[in-house]
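**Student:** Quick one: sequence plus predicted model below, questions after.
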Amino acid sequence: MTAMARTAAAPPADTPPPLPLLPKRRGIELALLLGAVLISVCGYVVVGLAKGHALPGGAVRYGAGLGALALLAHLAVRFRAPYADPLLLPTAVLLNGLGLVLIFRLDLETPADHAAPTQLMWSTVGVGLFITVVVLLRDHRMLQRYAYVCAALALLLMAAPILFPAINGAKIWIRIAGFSIQPGEFAKVLITVFFAAYLAANRSALAHTGRRVGRLRLPTGRVLGPIVAIWLISVAVLVLERDLGTSLLFFAIFVVLLYVATGRTGWIAVGLVLAGVGAAAVGTLEPHVHSRVEDWQHPFAGIAAGRGPGQLAQSLFAFAAGGMLGTGLGQGHSSLIGFAMKSDFILATFGEELGLAGLTALFLLYALLVARGYRAALGLRDPFGSLLAVGLAALPALQVFVIAGGVTGLIPLTGMALPFLAQGGSSVVTNWIIIALLLRISDRARTPRPEGNGTGDGTGGGTRGGVGSRGTASPARSQGAHDAGREARFGAGSWVVGFLKPMRSQDQTQAQDRPPAAPSPAAADDAPSPEVGR
């Protein structure tokens, strides 16, 4: 009787073992946030001591304000996204705090133009929107329903600055009642949502259909159309707004997502060729962009002509003066760079006063931010969520490359803001929204699932199969199949652009043309019912 009872109580042989619960790590996040705030406050104090030989009067207010913002963001994550990545928020707070320190340091060079209080106000707005996204957006897949709305809003935001006068040669700003907004910063998040949704619906057609040209398979016209359209839009933005950075960013993020969706390196080559052709044509024909290219090719031409060094030359001199360890916070000569020292050339101040060691630490912080975004993408199985996480993580990576390459003379200089570090309200608000979306995605990816309640939607780690014996599908499996079907119908029901319809891959077509094989008796007994896929 005892043996029989043990046999009856034992679980079936095919029952999977219980999944280990992932730690939430909110305590680690709080400790890292405290360290980020302390590092920022120490930087603020060091600048005051270096410039005024006394503790700055606003150190307590600055530390209290940054600490309160960090605590509010932490509480929102703790209660609404408990399994989110514990490194994303502290990294963002540290970068934002260092940016405020640098802007405060540069304000001492321009007594008539104090930008640090305004930047702190915009940081508050950004954290407020961060909390709003974390609290209200319970599932990142809701954004897929509004993909075309996001695309329409992104195009409107991109085109809006054309109606306003140019500032410093580029039409990328909207100024109303004393406030200035850069709509392209918000458009980059919206266009990333649309790219992720479109590629999630059409990845099979992009990867498996079309004609072969050498080692590259070109899709059909209906699928290739959006790629050409995005290229034309990016070039149009470059021509009309004289903004090399925004057009390169939009096209680069599309190429990155296209490569991730299809796994074909040929698309990277095509993207580089198209971007190079467009940039070369506009750099030759458009006077403002052509002047940027001339400054890049001959950064010391002003010195040779007797006009003195330009901004790029001063930036190179600043990096050279910084050396390995830098001159120290507050002890550089940032005022020589000119009017863009708080925005485009703030990295030059960082390199001069903190040296190569400080630049390495800064780039490692950005790399950590990007890597944790990619890790969240790997934890998901739904194509839209994975592509969205990759795209959002790639945005700061591309911006850092473009800005760092411009101020060091690697590529022509563009008017983009270094994420969290440079002056710019639109930029810091947008970056906080990106961090909120990545936290929401990482929470979805790391949330454990109950044993035996597998999901077909691929929304988290620790999932198991959801089909019971004799073809009975679990509710989670049915919901996952419904979500997958909804994702596949994304392009098919579109009335906006006819060629956005998803196409069947060649493997699917060949599989449908072949007659079905007769199942074995054992397979017929264990096969799921037709209701599973509905």
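**Tutor:** Nice, thanks for sending it over. Numbers count the residues shown, from 1 in each chain.

**Student:** The residue lying closest to V127 once chain neighbours are set aside: what's it in contact with?
**Tutor:** Among residues not flanking V127 along the chain, L69 sits closest, at 4.6 Å (CB to CB, 6 or more residues apart in numbering). Bear in mind the C-beta positions are built from the backbone N, C-alpha and C, glycine included. The contact partners of L69, taken as CB atoms under 8 Å, 6 or more residues apart in numbering, are 93, 123-124, 127.

**Student:** Now with 7 Å, please.
**Tutor:** Residues near L69 by CB atoms under 7 Å, 6 or more residues apart in numbering: 123-124, 127.

**Student:** Next step: the residues you listed restricted to helices.
**Tutor:** Per DSSP state H, helices hold the following members of the contacts of L69: 123-124, 127.

**Student:** for stretch 194-202, what is the average pLDDT?
**Tutor:** For stretch 194-202, mean pLDDT rounds to 86.

**Student:** Over to stretch 387-396?
**Tutor:** Stretch 387-396 comes out at a mean pLDDT of 94.

**Student:** Then stretch 114-127?
**Tutor:** 92.

**Student:** could you dump that stretch to CSV, C-alpha only?
**Tutor:** Output of stretch 114-127 as CSV, limited to C-alpha atoms (Å, rounded to 0.1, in the frame of the first residue of the first chain):
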residue,chain,number,x,y,z
HIS,A,114,22.5,79.5,-16.8
ALA,A,115,21.2,76.3,-18.3
ALA,A,116,21.5,73.9,-15.4
PRO,A,117,18.2,75.0,-13.7
THR,A,118,16.4,74.5,-17.0
GLN,A,119,18.0,71.2,-17.6
LEU,A,120,17.0,70.0,-14.1
MET,A,121,13.4,71.1,-14.8
TRP,A,122,13.4,69.1,-18.1
SER,A,123,14.9,66.1,-16.2
THR,A,124,12.0,66.3,-13.8
VAL,A,125,9.6,66.3,-16.7
GLY,A,126,11.4,63.3,-18.1
VAL,A,127,11.2,61.3,-14.9
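
**Student:** Could you check that stretch and say which residues are buried?
**Tutor:** 115-116, 119-120, 122-124, 126-127 (16 or more other CB atoms under 10 Å).

**Student:** chain center to the longest helix seen in the chain, what's the gap?
**Tutor:** Criterion DSSP H: the longest helix present in the chain is helix 346-378. On the basis of CA atoms, centre = their mean, to the nearest Å, helix 346-378 sits 15 Å off its chain's mean C-alpha point.

**Student:** Now do that helix: which elements does it pack against?
**Tutor:** Here helix 346-378 touches helix 88-107, helix 311-322, helix 383-407, helix 425-446, going by 3 or more CB pairs under 7 Å, 6 or more residues apart in numbering; DSSP states H and E.

**Student:** Buried by neighbour count: which residues of that helix qualify?
**Tutor:** Result for helix 346-378 [16+ other CB under 10 Å]: buried residues 346-355, 358-359, 362, 365-366, 369-370, 372-377.

**Student:** per-residue confidence averaged over that helix?
**Tutor:** On average, the pLDDT along helix 346-378 is 94.

**Student:** does L437 really touch V133, like I thought?
**Tutor:** Yes: between L437 and V133 there is a contact under CB atoms under 7 Å: 6.5 Å.

**Student:** Settle it for me: which of these two has more neighbours?
**Tutor:** L437 (25 against 19; other CB atoms under 10 Å).

**Student:** immediately after the host helix or strand of L129, which helix or strand?
**Tutor:** Secondary-structure element containing L129, defined by DSSP states H and E: helix 116-136. Next along the chain after helix 116-136, taking DSSP H and E as the criterion, comes helix 147-159.

**Student:** Tell me how far that following helix lies from the chain's centre.
**Tutor:** That offset, for helix 147-159, works out to 17 Å (CA atoms, centre = their mean).

**Student:** Just the CA atoms of that helix, as CSV, please.
**Tutor:** The C-alpha coordinates for helix 147-159 follow below in CSV (Å, rounded to 0.1, in the frame of the first residue of the first chain):
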residue,chain,number,x,y,z
ALA,A,147,2.0,51.4,-35.3
TYR,A,148,0.6,53.4,-38.1
VAL,A,149,-0.5,56.1,-35.8
CYS,A,150,3.1,56.3,-34.5
ALA,A,151,4.4,56.5,-38.1
ALA,A,152,2.0,59.3,-39.0
LEU,A,153,2.9,61.3,-35.9
ALA,A,154,6.6,60.7,-36.5
LEU,A,155,6.3,62.1,-40.1
LEU,A,156,4.4,65.2,-38.8
LEU,A,157,7.0,65.8,-36.1
MET,A,158,9.8,65.4,-38.7
ALA,A,159,8.2,67.9,-41.1
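
**Student:** by how many degrees do it and helix 383-407 diverge?
**Tutor:** For helix 147-159 against helix 383-407, the angle by axes from the mean of the first three to the mean of the last three CA atoms, to 10 degrees is 20 degrees.

**Student:** Let me know the closest of the ones in helices among the contacts of L69 to V293.
**Tutor:** Closest approach between the ones in helices among the contacts of L69 and V293, by CB to CB: S123, at 34.3 Å.

**Student:** before we move on, back to that, now do the helix holding L129 and helix 88-107, the angle between them.
**Tutor:** Using the same axes, to 10 degrees: helix 116-136 against helix 88-107 is 170 degrees.

**Student:** what helices or strands is helix 116-136 leaning on?
**Tutor:** helix 59-80, helix 88-107, helix 425-446.

**Student:** among those helices, which is nearest V256?
**Tutor:** It's helix 425-446; of these, that one is closest to V256 (CB to CB) at 14.8 Å.

**Student:** Pull out the buried residues from the closest one.
**Tutor:** 425-446.

**Student:** sorry, back to before: in TSV, list the helices and strands packed on helix 116-136 along with distance to L392 and mean pLDDT.
**Tutor:** Conversion of those to TSV gives the following (distance: least, CB to CB, whole Å; pLDDT from 0 to 100):
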stretch	distance to L392	mean pLDDT
helix 59-80	17	92
helix 88-107	11	94
helix 425-446	5	94
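
**Student:** Tell me which of these lies nearest to I253.
**Tutor:** Taking those one by one with CB to CB, helix 425-446 is closest: 11.9 Å.

**Student:** which strands and helices sit next to that closest one?
**Tutor:** By 3+ CB pairs under 7 Å, 6+ apart, helix 425-446 packs against helix 88-107, helix 116-136, helix 183-208, helix 346-378, helix 383-407.
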